[in-house]
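Participant: please find the sequence and the predicted model below.
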Amino acid sequence: MNLIKKLAATALLATSLLTMGCGNGQIASVDVMKVMEDAPRVKTLMAEAEAKAKEAQENFEKEYTNKPDLTEADVQKAQVELQRKLSGINQAYTAQIKNRLDVVLEEIAREKNIDVVISNSAEDKMIFHGAIDVTDDVIKKMQ
C-alpha cells in the first residue's frame with residue numbers, strides 16, 4: 001500500500017513539474033507527524049477534543065451505570081450513541097486541524113513561491129534531496 005502511495009505521489013510530482021516547465025518549480029516538503037506533535041495549536045485542539053470525549057464518556061457512565069431497569073438493548077443503543085458522539089468529536093477536531101494546516105501551507109507556499117508541497121514524514125520518506133523543508137515554518141504558524 002505504501003508503495004502505491006509513493007508511486008502516486010511521484011507521478012503527481014512529475015506531472016506537476018511537467019506542467020510548470022522542467023526545473024522551474026519549487027518543491028517543499030512537510031513532516032505532518034512532527035507538526036501534529038509539536039504545533040501549539042494542534043496540541044490545544046487535541047486537548048479540547050480529549051476533554052469533550054472524556055465528558056461524553058463520563059455522562060454515559062453517570063446515565064447508564066448501575067441502573068438495573070435497563071435492558072441489554074438499551075445499553076447497546078446507548079453505547080452506539082456514545083460511539084457516534086465520540087466519532088463526531090474526533091471528526092470535527094480532525095477537520096479543524098486539517099483546515100488550519102491547509103491554510104498555513106498555502107500561506108507558506110505563497111510567501112516562499114513554492115509550487116508543490118509534499119508530505120514527507122521521517123518514517124515514510126518520499127523526497128530525499130532537493131525539497132525545501134517547511135515543517136518548522138508550519139509549526140511556527142500553527143500557534
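Facilitator: Cool, got the structure. Just so we're clear, the structure is a prediction, and the values are computed from it rather than from any experiment.

Participant: helices of the chain, residue ranges please.
Facilitator: 2-20, 32-38, 40-64, 72-111, 135-141 (DSSP state H).

Participant: single out the most deeply packed of those.
Facilitator: helix 135-141 (a mean of 18; mean count of other C-beta atoms under 10 Å). No exception for glycine: its C-beta is placed from N, CA and C like everyone else's.

Participant: remind me what that one packs against, helices and strands.
Facilitator: strand 27-30, helix 32-38, helix 72-111 (3 or more C-beta pairs under 8 Å, 6 or more residues apart in numbering; DSSP states H and E).

Participant: at 6 Å instead, please
Facilitator: The contact analysis (3 or more C-beta pairs under 6 Å, 6 or more residues apart in numbering; DSSP states H and E) places helix 135-141 against helix 32-38, helix 72-111.

Participant: compare these and give me the one nearest residue 136.
Facilitator: When the helices and strands packed on helix 135-141 are ranked by proximity to residue 136, the top entry is helix 32-38, at 8.7 Å, counting by C-beta to C-beta.

Participant: so where's the chain shaky on pLDDT?
Facilitator: Counting by pLDDT under 70, the chain has low-confidence residues at 1-24, 127-128.

Participant: residue closest to the middle of it?
Facilitator: Nearest to the mean C-alpha position of the chain, by C-alpha atoms, centre = their mean, lies residue 98 at 5.1 Å.
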